[in-house]
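I need the structure of the sequence given here:
(chains A, B, C and D, ligands or ions: 4)
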Amino acid sequence: MRTLNYAGAIREGHAQLLKTDPRVFVLGQGLWSPWYAGSTLKELDVDFGVDRVIDSPVSENATTGAAVGAAIAGMRPIVFHPRMDFMLLAVDPIVNQASNWSYVFNGAASVPLVIRSVINRRGEQGAQHSQALQAMYAHIPGLKVVMPATPADAKGLLISASQDGNPIVYIDDRMLYAEEGHVPEEMYSTPIGKAAIRREGGDITIVATSRMVMEAVKAAEILAEQDVEAEIVDLRTIKPFDQETILESVAKTGRLVIVDEAWKTGSIAGDISATVCEQGFDLLQAPIARVCLPNCPAPASQALEQAYYLSESDIIAAVQRTVGLKRSNRKAA
Amino acid sequence: MRTLNYAGAIREGHAQLLKTDPRVFVLGQGLWSPWYAGSTLKELDVDFGVDRVIDSPVSENATTGAAVGAAIAGMRPIVFHPRMDFMLLAVDPIVNQASNWSYVFNGAASVPLVIRSVINRRGEQGAQHSQALQAMYAHIPGLKVVMPATPADAKGLLISASQDGNPIVYIDDRMLYAEEGHVPEEMYSTPIGKAAIRREGGDITIVATSRMVMEAVKAAEILAEQDVEAEIVDLRTIKPFDQETILESVAKTGRLVIVDEAWKTGSIAGDISATVCEQGFDLLQAPIARVCLPNCPAPASQALEQAYYLSESDIIAAVQRTVGLKRSNRKAA
Amino acid sequence: MEDVSPAAKTSGLLEMYGKMIMIRLFEERVADLVEEDRIPTPCHFCIGQEAAAVGVCESLQREDTVWGAHRSHGHYLAKGGDLKKLMAEIFCRATGCSGGRGGSMHVIDQSVGVMGTVPIVAATIPIAVGAALAAKLRGGNEVAVSFFGDGATEEGHFHESLNFAGINNLPVIFVCENNLYSSHMGIFQRRRKDNIIESATTHGITGHRVDGNDVQTVRKVTTEVVAEARRGDGPALLELRTFRWRGHVGPKWDEDVGVKRKGELSQWLPFDPIARCERELLEDGVSQAALEATRNRVAAKIHEAVAFAERSPMPLPETVNNNVYRIAG
Amino acid sequence: MEDVSPAAKTSGLLEMYGKMIMIRLFEERVADLVEEDRIPTPCHFCIGQEAAAVGVCESLQREDTVWGAHRSHGHYLAKGGDLKKLMAEIFCRATGCSGGRGGSMHVIDQSVGVMGTVPIVAATIPIAVGAALAAKLRGGNEVAVSFFGDGATEEGHFHESLNFAGINNLPVIFVCENNLYSSHMGIFQRRRKDNIIESATTHGITGHRVDGNDVQTVRKVTTEVVAEARRGDGPALLELRTFRWRGHVGPKWDEDVGVKRKGELSQWLPFDPIARCERELLEDGVSQAALEATRNRVAAKIHEAVAFAERSPMPLPETVNNNVYRIAG
Ligand SMILES: Cc1ncc(C[n+]2csc(CCOP(=O)(O)OP(=O)(O)O)c2C)c(N)n1
Ligand SMILES: Cc1ncc(C[n+]2csc(CCOP(=O)(O)OP(=O)(O)O)c2C)c(N)n1
Ligand SMILES: [Mg+2]
Ligand SMILES: [Mg+2]
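Ligands and ions are numbered 1, 2, ... in the order given. I've put the predicted structure just below:
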């Protein structure tokens, strides 16, 4: 069984796409740098040439717009933003253009584009170098959003994103780059829109995104010692998310904690909670808990970062609270 | 009792701010046009001079950035975007800069700025001239978001936004411009963060934003004939929203429908639902329903617009569904 | 066949005349329909600017792509887009080029290289750059053309795009139709100098400023830069000086939409690109009757298009959510 | 008091030397602390570029404002920002100028007009324009200065800002420190021509290209454009040619961060702005001892600042949510 780390898996996904599909090219900032994108794009320029692995000026709007245009014109670009924060300069081509293009032309044209960006935080980088803005893009019809949590999915979702035929926002987290895992050598794709059960359990469902899946697994191990068996759903695709898998799990457990390391208000977690409330109200034995970042920009100081970011202990606390709660039908009919 | 229409109320708010506070100025597109902003800014340039009512090139980023800078430097600008769609070009100064400024400098500086934009849709304008993106801004810490539903609040919220001392996204809806209502002549402010009960009722709570409040009132009248008394909460402030008022109402009614004419996934409605589920789970007699736009860009054709946008009948249907439902505790303890 | 002199025939001027007159009559007809409340979608007319669209598109091949904005009926027709489907789209019917989902500001006919128009100002400038990048990567030799206005040059990504196209040496032609206005704002309210063409110098690419109402010159200059781009010599910026006759949006003559520029308009009316073309054709020996015949032929087609559009069905409400996503790969 | 010749005194050169050496020694100290893992916040050093910050700021008044970016320790110190608070901020302590919330890339000292620095490239270009607009509207006569790099000119709003400042005739000076690199990318990988200064012409504002390692010339030219801006003659763009000695981020010498530009660096090292200033001072009759004394005085202050920072408390975890919003009006 071949193992790779998450960064290496991303790189392999790129390399296999570049190798097998002449329509694929990569465009964005830091592609000719040995360190900008960690090792996720390392020497792709050497292997595939600077014509297909194109570094760019600090011009997020035009670069992304050009990727959109190339996609419409039949290519399969991957446009790269080394941080989600920088991608905010490219919201127009993403939210006004790429997302709407298929619809406004009634399917006569489409935008087969991967929009890759990185959550890159901690290390006292501060508020403008820390954002996790998946909720913003998940709100937009016409976009899909994926967030791989494992090396295998980091590769598989990149490949399916490139093959999907729609504009896909692919978000990886730099804190996962060193994580090792089994990654098949062949080219394969991870289905978009399908969550994965990472652990089975009957007492509570934990839905987690990206790095939080790892924290949830840690939390579940500790909780198991306290006789609480958590089922962990790795969301993988944020939009459209896999209602079915979540509802099935909640049908079994009756309790739900959603973990998304982004600001609570307006988060993906809220959306999942509302959906489960709508579709699975009678399954719920206790209120749904959201474990998210406080509604506060990222601080620089490590002392504050410690208080700000999430870890397995936040998950454990939320699970314990939720498991302790029972539905008390004050006004029940 | 003096009445004004919604557009006139906005204009009066601007005029009173410009008159009483030398720090206030208005900057944006269409300010010297007789029709660009409806009559909401009509001849303010004549009354207050083109130095303080500044029309701009098609440069949303720099214009908004300049407004941010002027605010930091002690002014109280109102930056104007004739459509929310265009404001997507100014996401960097809003989401990266204005929102973070107070926090990253630990309160040493702040951004007392009104960021006004208009939801302007229907009339076969199509996807790029129709967006209602309140959820996107509500997700961002450091911003507040207001959406007046009545002429009185259109004026009062503009004034409080200008006086608040923080970056406030003020969103008005062009479809409300002709609505008449009582608007006091004096200068007054509508509190930010406080919802308003527009109708009392004991059977169900309808939380609505902006134009949907009007539709909810219409719906409630029809529902009353069917012996369903709806309580209508006009949210007014989207972020931070008034949990207390909502929870109090739900404590009374046990049922909740949230109406927000924006895309369902990732909407404000989801956030309110999740919050009520967290804070008021035991109050709920039935699942919370969200009445939102489908996850689809705005179509042009009126035939499709008719199917796409919301009206009181959508609200009535959701209320009837919700009132018909009872909590059935499949697994209740 | 009309009686055409050999000169006009070889120069293709009569063809260009036919296209210009088609755009003019088409838009005049749509303008009337708007006034009659039979068309609700917001229409931005290019009446007075027809030579820009036609002069540029006449120098292109079918596989070359054009990308437009809010004022793009002319670009669509000049590149050979289907007339009926355009009319039907403006009527927002199911038979429209965008199935009624797009309206006047979202038109497309990929079969002739009309790749899409969108009303977010300047949006298709970088998008056209991307199409050129695609062409270069594929080793194709098609050229991409972005049409935009003087107002669009105020968006920063206009500059980003010129720079990006320059460093990657891409086959893209940036066509700025400088009609001296962006909505209600005259050019000197928006920039210190009337020097849009200098941006070419700044970004190190070819640039030409041309009388945009002179269809022959527009075609000539465009043909040159297109040939350069096609053989790998990189992008160019064209500034086509022109003036729009109607209001920013809608059918009203300009003075009616609150911006007082009647004087300016009356100075531009004599430079009507179509009248000029007629004069040139007559000088070339084309008969008045031939022009008349062209005009009539075009008018008949437009008449048909309106009839087609009006009898076309509305899109079905139950299709509203279709095509948000492309289904298969 | 050191023994200073009248020439150097009146020209203020020794003062500028003092500031440059303060920036150099400050950053060298921070660089060491980063190497020793005592400072985690990402630091972008301006070592080699000190003359730009100092020459510009010496031509400003206290009430004039400066706005910076990711590489702004020098701007902060040159404008007179509190040394200890900067060091404490880089240590992310509660006593830092941003209370430890900002780190190296978010520094502020409004008491001397350091209005804020942020690492989103080009962000403070329009923001400084807004400060100038505020000054104009208030009828104040302060000038706003935005410091940014050559990379920042690739963001479209660089152009939007110059244009906007031009048409509104605002008292803002755009200071581009052109160090020929944006991260790992040399200037000709990012634009066809090395002609940033030409953007001034395009946007119709004053522009000067200056040797950014010559502190006296920087000050002289800045003084001129600041005077113009102050008396209502509008904005200017300065291009200060310079070179950074360390890597894009972090303390390593450039060749160590993967970009091979040792040759280029070795060509620039002789143009050390501080060595040049020393030579000029010595020529002016300032003694070696006086320079030494300045250096020592500065070194002592930096030593104190490190001690201050290291003994300062971390921000309290329970304050993490403070100051997201301003509380009262
Ligand atoms: C990003 C954006 N900002 C503002 C607008 C509103 N708007 C529509 S057309 C227009 C004027 C554009 O002028 P120009 O580019 O010269 O084209 P013209 O209308 O003269 O053909 C403006 C400001 C828009 N559609 N998109
Ligand atoms: C909007 C944005 N895009 C990209 C980056 C990443 N980045 C940080 S500094 C930098 C290079 C900037 O170069 P330049 O403006 O020349 O300044 P220098 O580093 O040379 O001082 C880049 C691309 C960023 N911080 N912000
Ligand atoms: Mg124009
Ligand atoms: Mg640089």
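
which ones are touching C:Ala152?
Each residue near C:Ala152 by Cβ atoms under 8 Å, 6 or more residues apart in numbering or on different chains is listed here: B:Val58, C:Ala69, C:Val121, C:Ala122, C:Ile125, C:Phe158, C:Cys176. All C-beta atoms are positioned from the backbone trio N, CA, C, and that covers glycine.

which of these sits closest to ligand 1?
Distances from ligand 1 to those, taken as Cβ to the nearest ligand atom, are shortest for C:Val121 (3.6 Å).

check the contacts of C:Ala152 one by one and keep those near chain A.
With Cβ under 8 Å from any Cβ of the partner chain as the criterion, those include C:Ile125 near chain A.

using TSV, lay out the contacts of C:Ala152 together with secondary structure, pLDDT and neighbour count.
Below are these laid out as TSV (DSSP: H, G, I helix; E, B strand; the rest coil; pLDDT from 0 to 100; neighbours: other Cβ atoms under 10 Å in any protein chain shown):
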residue	secondary structure	pLDDT	neighbour count
B:Val58	coil	98	23
C:Ala69	coil	98	24
C:Val121	coil	98	24
C:Ala122	coil	98	28
C:Ile125	helix	98	31
C:Phe158	helix	98	30
C:Cys176	strand	99	28
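
residues contacting whatever residue of the stretch 1-150 of chain A ends up closest to ligand 4?
Nearest residue of the stretch 1-150 of chain A to ligand 4 (Cβ to the ion) works out as A:Val58 at 9.7 Å. With contact set as Cβ under 8 Å, 6+ apart, A:Val58 has these partners: A:Gln29, D:Val121, D:Ala122, D:Gly151, D:Ala152, D:Glu154, D:Glu155, D:Ser182, D:Arg190.

low-confidence ranges, the stretch 201-333 of chain A, go.
A:326-333 (pLDDT under 70).

would you map the helices across it?
Secondary structure of the stretch 201-333 of chain A (DSSP state H, counting those that start in this stretch): helices at A:211-225, A:243-253, A:268-280, A:302-308, A:312-324.

out of the contacts of A:Val58, which comes closest to ligand 1?
Distances from ligand 1 to the contacts of A:Val58, taken as Cβ to the nearest ligand atom, are shortest for D:Glu155 (16.4 Å).

now that closest one: phi and psi?
Main-chain torsions, D:Glu155, degrees, to the nearest 10: phi -80, psi 130.

just name the most buried of the helices of the stretch 201-333 of chain A.
helix A:268-280 (a mean of 25; mean count of other Cβ atoms under 10 Å in any protein chain shown).

ok, residues contacting that helix?
With contacts defined as Cβ under 8 Å, 6+ apart, helix A:268-280 is touched by A:134-135, A:138, A:207, A:209, A:235, A:238, A:241, A:243, A:246-247, A:250-251, A:256, A:258-260, A:262, A:264, A:283-284, A:288, A:290-292, B:265-267, B:269-271, B:273-275, B:277-278, B:287-290.

also near ligand 3: which of these, exactly?
Among these, no residue lies close to ligand 3 (Cβ under 5 Å from the ion).

nearest residue to the middle of chain A?
In chain A, the residue lying closest to the centroid (Cα atoms, centre = their mean) is A:Met147, at 1.8 Å.

nearest residue to that one other than its sequence neighbours?
A:Ser210 (4.3 Å; Cβ to Cβ, 6 or more residues apart in numbering or on different chains).

isn't the one you found up against A:Ala262?
No. Contact between A:Ser210 and A:Ala262 fails when scored by Cβ atoms under 8 Å: they sit 9.4 Å apart.
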